[in-house]
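Q: Generate coordinates for the sequence data below:
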Amino acid sequence: MTSDLDDVVDDLYAGTPADFVARRTAAVKAARADGDRDLAAAIAELRKPTVSAWLVNLLVRDDPDLAGQIVALGEGLRDAEKSLDGPALRELTAQRRQLVRSLVARARRLAQPTGQKIGDPITQELDATLTAALADPAVAQEVVSGRLTAAREYAGFGSADAMGAPVAVSVPQRAPKEPARLTVVGGSGRSRATRPAPAEEPPEPEEGGETRAERERRLRREEREQRARDEAQAAWEAADRAATEARQRHDDAVAARDDSAEQVARAEARAARAHEEEDDLVRELAEVRRRLAAAGKAATVADRDVGLAQQTLRHDDREVATTERELNRAERAREAAAAARDER
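A: Numbering: from 1, shown residues only. Take a look at the predicted model:
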């Protein structure tokens, strides 16, 4: 059952979180169909990974050497802390930040083909999990397994776009209809079409010598010219509206870009301050550890001196007791001698 379960786990956690539940259900059904209820129960207990945990699993599965990098860098950071090696600790801390940044960027690229959206909260969880893996060996083991289900945190010491291009607006041309008389309405330049009135029998050559045929040709020409003017006016209005809308979209895009640039600048400033604070804390930690070690040595020496002083005190106490006894004997002997002398 163990090997079967491992195969199912590897397959499930290699997929996206979006279809995890459906694929887990299918695996449970398959195990039950094979009569393996224990395997089915074990599969049913598998937890769906969060998006950030899935990204970590993607990274580990994409690069077989990543697990070794995480373990080695984490061990180096912890060794530098223990040995109070400030320069090495700062160098390894910089390597840690560089590795975490590159891994976050790689995870985004790996997730692109799946269509999974990777927002700032997910990126922050991913960053925190990778940082925790480099600080805590237990978290590192979870991460390099490729089966992480949730984000992890570590609470201890850590170690210009071209603008102004012309906009081309395409205005569809309408197919010509049968001749119609165009009447201009109002001052906007718009027109409406009306059917020509039934032709009346024109009189023979009118004033100026214009025949009926010449008059009809003139009227048709005037209608075509009017229609062309109306269509040109409509096309200009459509192009003007399109240009106005494009200008508005451009202004909105510029405003959004400027807002994003400000957010990036603020975020970078916060990150710089956080890194400076982290470096300060790393230096303070190294100094505190150094002072702690020195204090420990001083305490050991002081304890030893206390023991020697106590031993000397006990010896002096014994000497005092001995001399007191000798003094008492001498006093008694002197008193006895004085008494004997007085008797004589």
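Q: Now do the same contact list for Leu46.
A: Neighbouring residues of Leu46 by Cβ atoms under 8 Å, 6 or more residues apart in numbering: Val9, Leu12, Arg24. C-beta here means a position set from N, CA and C on the backbone, and glycine is covered the same way.
Q: Generate a ChimeraX selection restricted to the buried subset of the residues you listed.
A: In ChimeraX, a selection of the buried entries from the contacts of Leu46 looks like this (16 or more other Cβ atoms under 10 Å):
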select :9,12,24
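Q: Going by distance to Asp259, which of the contacts of Leu46 wins?
A: Comparing these against Asp259 with Cβ to Cβ places Leu12 closest, at 40.4 Å.
Q: for the helix or strand encompassing Ala107, packing partners?
A: Following DSSP states H and E, one finds Ala107 within helix 86-111. Packed against helix 86-111 by the contact rule (3 or more Cβ pairs under 8 Å, 6 or more residues apart in numbering; DSSP states H and E) you find helix 51-62, helix 66-82, helix 120-135, helix 212-343.
Q: what domains does the record give for the protein?
A: The chain breaks down into these domains under automatic domain parsing: 2-144, 181-282.
Q: Arg304 is nearest to which of those?
A: Nearest to Arg304, of all the domains of the chain, is domain 2-144, at 23.9 Å by Cβ to Cβ.
Q: any idea how far Gly307 is from Leu313?
A: Relative to Leu313, Gly307 is positioned 11 Å away (criterion: Cβ to Cβ, to the nearest Å).
Q: My guess is Pro49 contacts Leu58. True?
A: No. The pair Pro49 / Leu58 is not scored as a contact, 10.2 Å apart, by Cβ atoms under 8 Å.
Q: got the angle between the helix holding Ala107 and helix 66-82?
A: Here helix 86-111 runs at an angle of 160 degrees relative to helix 66-82 (axes from the mean of the first three to the mean of the last three Cα atoms, to 10 degrees).
Q: Any buried residues in helix 86-111, and which?
A: Neighbour counts over helix 86-111 (16+ other Cβ under 10 Å) mark 86, 89-90, 92-93, 96-97, 99-100, 103-104, 106-107, 110-111 as buried.
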